[in-house]
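Any chance you can model this:
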Amino acid sequence: MKRRNFMDLDGHTLRTFLTVLELSSVSKAAEKLDLTQPAVSHILRRLRQILGDPLFVRTGHRLTPTETALALKSNAIDALDSLQRLTEQRAFNPLQEEMSFVIAANDMQRDLIFPRLLRDAMAEGISLELQFIPSGQPSVPWIRDSRCHLALTPLPPEASDIYQKIILRGRMMCFFDAKMGTPPQSLEDYYNAQHLSVRFMEGRTSWAIWSSKEVDKSRISRPVVTVSNFNAIPPFIKGTRLIATQMDLMRLRTLQALDVAPLPFDSDPVAIYMVWHERSQNDPAHRWLRKRIESVALQVAASMTADLA
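Numbers count the residues shown, from 1 in each chain. You can find the predicted model right below:
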């Protein structure tokens, strides 16, 4: 295979390579990058010539990376980061940008923050595209590998190259249907209640985000219902004696159709963090997004205070 000059490499080529590596498919990469399949194939063919390696071999319906491709991954990410830093000091005007972000967030965080953020941006004439993926508990490699531009989570990963900032705080409350009964009045009542839980994609449940010195979680009755998202809670609570232990913030939107009461024990406050990789720290568009998220979060906190008044 004839090798070409490394000067033929560019950011577009590296981004295409990383996307194919992530998805193991030319067609899926083309869809994500908004390119045609022949265009992606052409880019890969050029990269193979530059590196003198096939990079991918077909295994059934998937593309399996070669050792060279796997070794190239971290270097390609570093090279893209370096190219990005070259443009970090450019003049930034959100009205002149076409911004697109992939955000990892559960449905509660998504619905609290981003509808308002998007409405404000559209009213200002800002071009903004948002794609949401489930967050669960983001891992360090998950953030490093550029699977998302930013994540919202109560369980932030810890690493020197991962930035995090608290945007909201709340307390755990008991959500229930008052027409069907009263909430637990004692810790023993709570242990024996009929519980509903939310299980995240990595296997943890929503009980993992809160702690209390008074509660032995092993004594809590096994959940009667376990769902995969917070919006599924109200249909199961309504008309039953089930209870859900969730953040008080959910009374503003996700669980506003339910009754809410304090838990019969003290629990530690829960924080929601905004998490991003250091590669995005100085990117002007990313800074714009973070500031907008913080601004909306302040409005949410104010609404929560007003609701409790």
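
Next, name the residue at the spatial heart of this protein.
Within the chain, one residue has its C-alpha closest to the average C-alpha position: by C-alpha atoms, centre = their mean, that is Ala104, at 1.4 Å.

how close does it sit to Trp142?
Counting by C-beta to C-beta, to the nearest Å, the gap between Ala104 and Trp142 amounts to 8 Å. Bear in mind the C-beta positions are built from the backbone N, C-alpha and C, glycine included.

Ala104 and Ile77, how far apart?
Looking at Ala104 against Ile77, where the rule is C-beta to C-beta, the gap reads 18 Å.

again, but for Val227
If you measure Val227 against Ile77 using C-beta to C-beta, the figure is 36 Å.

tell me the phi and psi of the residue nearest to Ala261 when sequence neighbours are not counted?
Counting by C-beta to C-beta, 6 or more residues apart in numbering, Ala261 lies nearest to Pro183, which is 4.1 Å off, once chain neighbours are set aside. Pro183 adopts backbone torsions of phi -70, psi 170, taken as degrees, to the nearest 10.

what do Ala104 and Trp142 both touch?
Here Ala104 and Trp142 have Cys148 as joint contacts, going by C-beta atoms under 8 Å, 6 or more residues apart in numbering.

all strands for the stretch 101-250 of the chain, in order.
127-133, 150-153, 162-170, 172-176, 195-198, 225-227, 243-247 (DSSP state E, counting those that start in this stretch).

Switch those over to TSV; also include distance to His12.
Shown next, in TSV, are the strands of the stretch 101-250 of the chain (distance: least, C-beta to C-beta, whole Å):
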stretch	distance to His12
strand 127-133	18
strand 150-153	23
strand 162-170	27
strand 172-176	47
strand 195-198	40
strand 225-227	41
strand 243-247	42
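
I'd like to know which of those lies nearest to Val57.
Ranking these by distance to Val57, with C-beta to C-beta as the measure, places strand 127-133 first at 28.0 Å.

so what secondary structure elements neighbour that closest one?
With contacts defined as 3 or more C-beta pairs under 8 Å, 6 or more residues apart in numbering; DSSP states H and E, the secondary structure elements packing on strand 127-133 are strand 98-104, helix 107-123.

Need the winner for burial among those.
Between the helices and strands packed on strand 127-133, helix 107-123 has the highest mean count of neighbours, a mean of 18, where neighbours are mean count of other C-beta atoms under 10 Å.

What is the least confident helix or strand in this protein?
Every helix and strand of the chain was ranked by mean pLDDT, DSSP states H and E. The lowest is helix 140-144, at a mean of 76.

So in this protein, which helix runs the longest?
Using DSSP state H, we find that the single longest helix of the chain is helix 284-308.

what does that helix contact?
Contacting residues not belonging to helix 284-308 are listed as 88, 90, 92, 94, 97, 99, 101, 112-114, 116-117, 120-121, 149-150, 152, 165, 167-170, 248-249, 251-252, 274, 276, 280 [C-beta under 8 Å, 6+ apart].

and the angle for that helix with strand 127-133?
Note on geometry: by axes from the mean of the first three to the mean of the last three C-alpha atoms, to 10 degrees, helix 284-308 and strand 127-133 are set 70 degrees apart in direction.
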